[in-house]
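Participant: turn this into a model:
(one chain, ligands or ions: 2)
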Amino acid sequence: MFQHSFFVVMNNINLSPIGWRNYFRRLSATACCLVPVLMLTLIGCAPDKRAAQGVAPVPQSAVTSARSTEAPAAVNSATNHTSTGAQAPAGWRRLRHSVLLDFNSPADAVFINLSPATPAAATDPVIRNGQLVLEPETAQVQIKLSSLLSGRTFPGDWTLLGGHLQAQRDVTVDLIYSIDGQTILEKQQQLPADQFVPVMLDLTRLNESQLAASAQLTAGTGRALLTIRPHAPATILIDDILLLDNRENLTPPGATWAIQRKGYQLEIDQPDLFSLSLSTDVSQPPAWTIEQFSAQRIIAQQNNPPGQWVIYADGRSFENSHLKMLTPPAADDALYLRQHNTPAQITLPSEQGRLLRQTPGDLNNDGYNEALGAYQLQAHAARLDVTITPRTPTLTNPILEISDLPAGKLIATAEGHLIDTCQRLPDNDVLIIVPHEIQRPTTINIRVQ
Ligand SMILES: [Ca+2]
Ligand SMILES: [Ca+2]
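Facilitator: Residues are numbered from 1 along each chain as shown. Ligands and ions are numbered 1, 2, ... in the order given. Next up, the predicted model:
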């Protein structure tokens, strides 16, 4: 599992040549204590303390509000077991969008070709409740993109093309964007029964020649189609066919890296150190969902195979508890590996707090969480004096993660020197990257004012 996911990840990494020590000097010079954390619109609820941070490519917010003006549900037809009147998620409406077909008018049928599975089956599109209804006898439907996009710049700034689909049973569908019979983009996606899901193509993946081919739409030449083809007979509802621009700058305030969402990619750029592109299309595993991100750290979860990748802005990362440096090879790498395998001893007065030895990802219950690359502490007071005793000749930039510190201004010092690489995480934990090389017992003083 690890090998596979490592391969996938490495495919996405571009490294740039500069030592990360330079980075840290720069970071120390520019960052300030209590870096404000990014407050994002949360999509869905957040049962876990490190809940998803709302970087879904297509927002999955609750269903009906934006659609409440549409017609109420009609009575089910004899052949349609899918719940007609069910509405597609409308979270995309907060993005810049262009609806190509809303299926609010029977006239929309002129932009549709239906191919029956058998010659005897009906080929007239059924448009109902603002949706196109594919009967089980339908082999495929083709949307006439050329007509819908004629005279418009395509893809231009649009990042996603597709619609929301709901099937009466689990079924796989193909989504194909083609010009003059030649496939430009395609994907295969499993539709879960009775649930509207976005089925979209990532236009940011178009290469040079595909972009050139797509320019034909603007020129009015070339016959472009969007084909939806179920692999098995099923009633399928198709809601609006649309273009989305989901580009979003997700860079947290005070961060030295840039985080951008674009189509189904999350792009992370730490200038001169490393850049990553994580695929976030969970319908096409392996893909990543971002569980937490902040100015210092990103926690990403992979769906299939399951995995976790914790990425720090300084170029350290922990993939399934294994240290992986994202920066170009350097002498520090061996030190980091050594201190990851042989963590320091952490002590603090019991009335101030305690070392947490049971956190998920701490492989040997010693308080150093291998999955996060950070020592885990819980505060009982507004002041903590944490003594770090290295078990390796040098301990470089150890990371402390502290829960339950009260709200307020945070000040951390190491032997009188202010630590400016500390921040509140979105879950209110405090993350402190101690910007020192420690060779002897060293006390970090943390207090909240
Ligand atoms: Ca509609
Ligand atoms: Ca451990």
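
Participant: neighbours of the residue nearest to residue 117 when sequence neighbours are not counted, just the number please.
Facilitator: With sequence-adjacent residues excluded and distances taken as Cβ to Cβ, 6 or more residues apart in numbering, residue 117 is closest to residue 139, at 4.4 Å. From N, CA and C alone the C-beta is placed, and that goes for glycine too. Other residues within reach of residue 139, judged by other Cβ atoms under 10 Å, total 14.

Participant: what does the helix or strand hosting residue 139 contact?
Facilitator: Residue 139 belongs to strand 138-144 when assigned by DSSP states H and E. Contact partners of strand 138-144, identified using Cβ atoms under 8 Å, 6 or more residues apart in numbering, comprise 100-101, 111-117, 121, 125, 132, 134, 224-230, 236, 238, 241.

Participant: related to what we said a few turns ago, state the distance from the residue nearest to residue 117 to residue 113.
Facilitator: From residue 139 across to residue 113, the span is 11 Å (Cβ to Cβ, to the nearest Å).

Participant: around ligand 2, pick out the residues from the protein.
Facilitator: 362, 364, 366, 368 (Cβ under 5 Å from the ion).

Participant: model confidence for the first one, exactly?
Facilitator: Here, the pLDDT recorded for residue 362 equals 98.

Participant: contact partners for it?
Facilitator: 356, 368-371, 376.

Participant: could you check how many residues crowd around the closest residue to ligand 2 within the stretch 201-350 of the chain?
Facilitator: At 6.2 Å from ligand 2, residue 343 is the closest residue in the stretch 201-350 of the chain, using Cβ to the ion. For residue 343, the neighbour count with other Cβ under 10 Å is 23.

Participant: can we start the residue count at 6 from this point?
Facilitator: Okay, using 6 as the starting number, the last item reads as residue 348.

Participant: isn't there a helix covering it?
Facilitator: No: read with DSSP: H, G, I helix; E, B strand; the rest coil, residue 348 is coil and lies in no helix.

Participant: you'd agree residue 234 is up against residue 183?
Facilitator: No: applying Cβ atoms under 8 Å as the test, residue 234 and residue 183 come out as separate, 11.4 Å apart.

Participant: avg pLDDT for the helix or strand harbouring residue 223?
Facilitator: Element membership for residue 223 (DSSP H and E) is helix 213-224. What helix 213-224 shows for mean pLDDT is 88.

Participant: do stretch 142-150 as well
Facilitator: On average, stretch 142-150 scores 95.

Participant: ok, now stretch 405-425?
Facilitator: pLDDT averaged over stretch 405-425 gives 95.

Participant: buried residues of it, list them for me.
Facilitator: 405-408, 410, 415-417, 419, 424-425 (16 or more other Cβ atoms under 10 Å).

Participant: equivalent analysis for stretch 211-222, please.
Facilitator: In stretch 211-222, counting by 16+ other Cβ under 10 Å, buried: 211, 215, 218-219, 221-222.

Participant: contacts for it?
Facilitator: 150-151, 154-155, 157, 159-160, 184, 187, 189-190, 227, 229.

Participant: from those residues, pick the one nearest residue 254.
Facilitator: Distances from residue 254 to the contacts of stretch 211-222, taken as Cβ to Cβ, are shortest for residue 160 (19.6 Å).

Participant: now the closest one, nearest residue through space, not along the chain?
Facilitator: Residue 160 sits nearest to residue 208 (Cβ to Cβ, 6+ apart), 4.2 Å away.

Participant: count the neighbours of that neighbour for me.
Facilitator: Neighbours around residue 208, by other Cβ under 10 Å: 27.

Participant: so the residue in the stretch 256-405 of the chain positioned nearest to ligand 1, which state does it fall into?
Facilitator: Closest to ligand 1 within the stretch 256-405 of the chain is residue 288: 21.0 Å, counting by Cβ to the ion. Of the three states, residue 288 takes coil under three-state DSSP.

Participant: without its sequence neighbours, what residue ends up closest to it?
Facilitator: residue 194 (4.5 Å).

Participant: tell me the pLDDT of the one you found.
Facilitator: 97.

Participant: tell me the most packed of the contacts of residue 367, by neighbour count.
Facilitator: residue 373 leads those on contacts (other Cβ under 10 Å) with 26 neighbours.
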